[in-house]
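Novice: Have a look; sequence and predicted model below, questions after that.
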Amino acid sequence: MTGSRRVCILFVLALLAVLALAVGPLIGMRTIPLDAVMHSSSWSKESEIFWRLRVPRVFVSFLGGIGLAVSGMSFQALFRNPLATPFTLGVSSGAALGAAAYIRFGLPAALLGIPGISLSAFIGAMFSILLVYGLTQLRSGFSTGTMLLAGVAISFFFSSVNLFIQYISDFTQTFHLIRWLMGGLEVVGFRSVLNMLPFVVVGVIIIL
């Protein structure tokens, strides 16, 4: 595939993404007049649903998709292996373990406006990366295959620890953890969008 063709494909995909971002909040609101949601002077129930629920959730899903796509691409490009993902390298299980520890032991709620569960998940993911890298360095030389095997082993180990934490937790903590692991878009307002935006933008710029 030539360079110009790749640029054209990426440009078309970018246009489709922007179109989805613009049209997404309007899906399912065909029966509501457009002026009822666009004029905030007459703040009706429809406009409040549109601006406080639909638009923020579309932006959060858009930013989340960007972050996950770029992260997966960077793993595969860095290790030159299509099997290198946050799951096979133990990053996802490390993040889940950090979140489980936060919920089970009731760690501090937030730091600098960042939710504590997000910080705990980030610390768990970083610890997993360092552990996998350290295990790989124990062998003579550095092999991507060895790192993948170490990542799978760490992933299974952290997953078992995560299950044990769920077992010793009460019903409320277990429910909270399962809901967090499954993910969701139950956001109200633009606070979550503003919290995610700098991390996604800065991360994408660094990777580029």
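Specialist: Received, thanks. Please read all numbers here as calculations on a predicted model, not as lab measurements.

Novice: Helix or strand with the lowest mean pLDDT in this protein?
Specialist: Least confident helix or strand of the chain, by mean pLDDT, DSSP states H and E, is helix 34-38 with a mean of 54.

Novice: Name the next helix or strand downstream of that one, please.
Specialist: Next helix or strand after helix 34-38 toward the C-terminus (DSSP states H and E): helix 45-49.

Novice: which parts of that following helix are buried?
Specialist: Neighbour-count burial for helix 45-49 flags Ser47 (criterion: 16 or more other C-beta atoms under 10 Å). C-beta here means a position set from N, CA and C on the backbone, and glycine is covered the same way.

Novice: Return the residues in contact with Ile129.
Specialist: Leu89, Gly90, Val91, Gly94 (C-beta atoms under 8 Å, 6 or more residues apart in numbering).

Novice: In a markdown table: those, plus distance to Gly65.
Specialist: Putting the contacts of Ile129 into a markdown table (distance: C-beta to C-beta, whole Å) gives the following:
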| residue | distance to Gly65 |
| --- | --- |
| Leu89 | 20 |
| Gly90 | 23 |
| Val91 | 18 |
| Gly94 | 22 |
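
Novice: so of those residues, which ones are in helices?
Specialist: Residues of the contacts of Ile129 located in helices (DSSP state H): Val91, Gly94.

Novice: Which of the contacts of Ile129 sits closest to Leu53?
Specialist: Val91 (31.1 Å; C-beta to C-beta).

Novice: count of residues packed around the residue nearest to the closest one when sequence neighbours are not counted?
Specialist: Nearest non-adjacent residue to Val91, counting by C-beta to C-beta, 6 or more residues apart in numbering: Ala125, 4.9 Å away. When neighbours are counted by other C-beta atoms under 10 Å, Ala125 registers 22.
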